[in-house]
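# compute the structure for the input listed below.
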Amino acid sequence: MSFRDWATRVLLISLIFTVLSVALLIGKINQLQTNTITPSNQEITTAWSEYPQAQLQSTKNQPPKSQGSPKFLIKPKQNAGRYRTTEAFARYQPRYEIAAVDPSNYGDRYIKDINGVPVTNQPIIVLHETGYSAASAINFFETPHEDESVQASYHTLIKLDGTVVYLVPPEKRAFGAANSVFESLNGSETVQTNPDLPPSVNNFAYHVSLETPLDGRGDNYIQFHSGYTQEQYHSLAWLIAQSQIPEDRITTHKEVDRSGQKVDPVSFDFEQFLNLLNMYRQISPVYRALG
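As a prediction, this is how the structure comes out:
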């Protein structure tokens with residue numbers, strides 16, 4: 001065998017080993033991505049799908065979408081899960097609007113906190129009130145805010161006439177409660193996602209706000225006002241009936257706040273709300289049998 005033939009064979013064998021090594025390396029990388037990225041995406045989908053979903057009715061009296069509005073996932077009404085909606089839910093169809101919240105006023109939901117610890121909190125719903133008119137609140141959310149200490153938003157707002165205003169999609173993190181903690185049967189729940197800001201419930205919360213009545217506006221420390229309209233209570237219950245979140249994980253801004261400054265929603269009738277919620281959704285027969 002000549003030296004040239006021997007050298008050619010050595011080179012071919014070397015190339016074969018190189019190709020095999022690269023293939024094995026690519027396989028390991030793909031396996032690592034599958035093990036680390038895919039479960040995270042599944043966890044995110046599973047979590048936010050428990051929040052209320054935008055039910056955009058196709059009726060003639062609905063206003064057009066605002067230009068630049070955030071994209072909402074339109075899901076058919078489903079009765080899978082612990083709760084299912086009722087005939088009363090199907091009959092009630094509130095008006096709706098979609099507002100274009102500036103991206104500076106909301107963000108992504110994190111799967112890990114600032115220390116790299118996985119976030120496993122179950123979803124909660126936090127109830128608020130605007131403090132001023134609905135138009136004033138929406139205008140604030142539509143305005144860019146570079147200062148992180150003033151960025152704010154809700155996922156949904158309900159006007160005095162019961163109109164549901166969709167603001168931030170449920171898979172996104174609305175900035176509804178700054179320094180906040182939710183006290184549950186599992187203990188104190190909160191998540192810090194920004195090293196420069198206090199921990200909050202925003203990462204696992206769905207924020208809903210009621211428009212404040214005229215006699216309650218302009219005073220963030222007011223303790224009482226005339227309360228909310230029947231249309232607001234019905235639309236609120238209808239909205240939350242779309243979720244899989246149990247009653248013991250529905251709370252208020254006042255209850256989760258740790259700044260000592262938030263008292264909303266003022267004059268909220270929880271009993272009336274829960275009665276309507278139970279009218280618009282019920283525990284499915286499967287879960288009732290298991291319970």
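
# what pLDDT does the model give residue 180?
We have a pLDDT of 98 for residue 180.

# what do you get for the one 4 residues further on?
The predicted local distance difference test score for residue 184 is 95.

# ok, it to residue 99 distance?
Going from residue 184 to residue 99 by CB to CB, to the nearest Å gives 31 Å. No exception for glycine: its C-beta is placed from N, CA and C like everyone else's.

# with neighbour numbers in mind, choose between those two.
Neighbour count, other CB atoms under 10 Å: between residue 184 and residue 99, residue 99 has more, with 22 against 14.

# just checking, that one touches residue 167?
Yes. Applying CB atoms under 8 Å as the test, residue 99 and residue 167 come out as touching, 5.4 Å apart.

# what touches both of the two?
Here residue 99 and residue 167 have 138, 141 as joint contacts, going by CB atoms under 8 Å, 6 or more residues apart in numbering.

# how many residues are close by residue 208?
The number of residues packed near residue 208 is 26, by other CB under 10 Å.

# check the one 5 residues further on too.
With neighbours defined by other CB under 10 Å, the count for residue 213 comes to 17.

# list the contacts of the residue nearest to it when sequence neighbours are not counted.
Once flanking residues are discounted, residue 213 sits nearest to residue 226: 5.0 Å by CB to CB, 6 or more residues apart in numbering. Listed by CB under 8 Å, 6+ apart, the contact partners of residue 226 are 213, 215-216, 267.

# can you name the next helix or strand after the helix or strand hosting residue 255?
Here residue 255 sits within helix 253-256, counting by DSSP states H and E. Reading on from helix 253-256 to the C-terminus, the next helix or strand found by DSSP H and E is helix 270-280.

# who touches that following helix?
For helix 270-280, contacts defined as CB under 8 Å, 6+ apart pick out 85-86, 88-89, 92, 233-234, 236-238, 240-241, 247.

# give me that answer again for 10 Å
By CB atoms under 10 Å, 6 or more residues apart in numbering, the residues outside helix 270-280 that reach it are 83, 85-92, 127, 227-228, 230, 232-243, 247, 250, 252, 265, 269.

# buried sites along stretch 89-101?
By 16 or more other CB atoms under 10 Å, the buried positions in stretch 89-101 come out as 89, 92, 94-99, 101.
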